[in-house]
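Undergrad: Sequence first, predicted coordinates after that:
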Amino acid sequence: MHVHHLLNNNSIANKFIAQLRDTSIQNDRMRFRRNIERLGEILSYELSKKLNYSSEEITSPLGISKVSVPKDEIVICSILRAGLPLHTGILNYFDDAENSFISAYRHHPNDDKEFEIKVEYLASPSIEGKTLVLADPMLATGRSFVNVMHALKEMGTPKEIHLVAVIGAEEGLKLLDDEFPPHTHLWIAAIDKELDSRGYIVPGLGDAGDLCFGNKKQH
Ligand code: URA
């Protein structure tokens, strides 16, 4: 897997990540969602450098301009619910992409810290031969990405896979490296060292879904 780690180089993305993590700022839900969306835009810009391009002649009022434009058929697939603002950011840039939504949540069968990832709802076009952009802001254990990719198999085999995440843990990256094809790209803003006993990223930012949309009742 090719890992593209945004915070390896200083940019305005550092500020957005800092605000997402900061307990004195992150409770402003509108800013929190918008910062995830902004990172989706920046990660999309970076990702666009690996797309396939074809040359087109564009007629401007004053002449003809040769421009290389992306030619890939993109499907953006986001994992509900925390993936929604990230999806919006990616779609802002790949505005003619097709869209796919899938639900994945942590189910605690014994009411303890152990959980399994349940994938239920899936609404997707065919991904056969297309460029799949799979988005989930928090890459913790990596099991959501893996289970979702498994569920997406009934939609076809993509030509290329780009995973997009905001914050990841090294353990999750390792699982993706083991489970996804070697030519997969991971576009990620920040990589943290570890997970806590509940599988949350440390230092991370907390529960991205709750910070975007409010608390949920556990089930
Ligand atoms: N999901 C989150 O929202 N946060 C984490 O730290 C891990 C998974």
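TA: Received the coordinates, thanks.
Undergrad: The biggest helix by length in the chain and the ligand, any residue contact?
TA: In the chain, with assignment by DSSP state H, the single longest helix is helix 29-48. No: Helix 29-48 stays clear of the ligand (C-beta under 6 Å from any ligand atom), getting no nearer than 10.9 Å. Any C-beta I mention is one placed from the backbone N, CA and C, and that applies to glycine too.
Undergrad: before we move on, what about stretch 186-197?
TA: No: figure legend: stretch 186-197 not in contact with the ligand (C-beta under 6 Å from any ligand atom); closest approach 7.5 Å.
Undergrad: What average pLDDT does that stretch get?
TA: In this model, stretch 186-197 has a mean pLDDT of 97.
Undergrad: Quote the end-to-end distance of that stretch.
TA: End-to-end distance for stretch 186-197, by C-alpha to C-alpha, to the nearest Å: 25 Å.
Undergrad: so how far is that stretch off the chain centroid?
TA: Centroid displacement of stretch 186-197 relative to its chain, using C-alpha atoms, centre = their mean, to the nearest Å, is 13 Å.
Undergrad: what separates the spatially most central residue of the chain from Ile102, distance-wise?
TA: For the chain, Ala135 is the residue whose C-alpha lies nearest the centre (C-alpha atoms, centre = their mean; 2.4 Å). To Ile102, Ala135 is 10 Å away according to C-beta to C-beta, to the nearest Å.
Undergrad: Which residues does the longest helix of the chain contact?
TA: 4, 6, 11-13, 16-17, 19-20, 25-26, 70, 85-90, 92-94, 133, 135, 137, 162, 164, 166, 185, 187-189, 208, 211-214 (C-beta atoms under 8 Å, 6 or more residues apart in numbering).
Undergrad: just to revisit the earlier point, list the residues that contact the residue nearest to the centre of the chain.
TA: Gly40, Ile76, Cys77, Ser78, Ile79, Gly83, Leu86, His87, Ile90, Leu163, Val164, Ala165.
Undergrad: top of those by neighbour count?
TA: Most neighbours among those, by other C-beta atoms under 10 Å: Gly83, with 31 neighbours.
Undergrad: Got the confidence number for that one?
TA: Looking at Gly83, its pLDDT reads 96.
Undergrad: Let me know whether it touches Pro137 as I believe.
TA: Yes: using C-beta atoms under 8 Å, Gly83 makes contact with Pro137 at a distance of 6.5 Å.
Undergrad: Quick check: bridge partners of Glu56?
TA: Judged by DSSP bridges, the bridge partners of Glu56 are Val67.
Undergrad: mind checking which helix or strand the residue lying closest to His150 once chain neighbours are set aside is in?
TA: The shortest distance from His150 to any non-neighbouring residue, by C-beta to C-beta, 6 or more residues apart in numbering, is to Val119 (7.8 Å). Following DSSP states H and E, one finds Val119 within strand 116-123.
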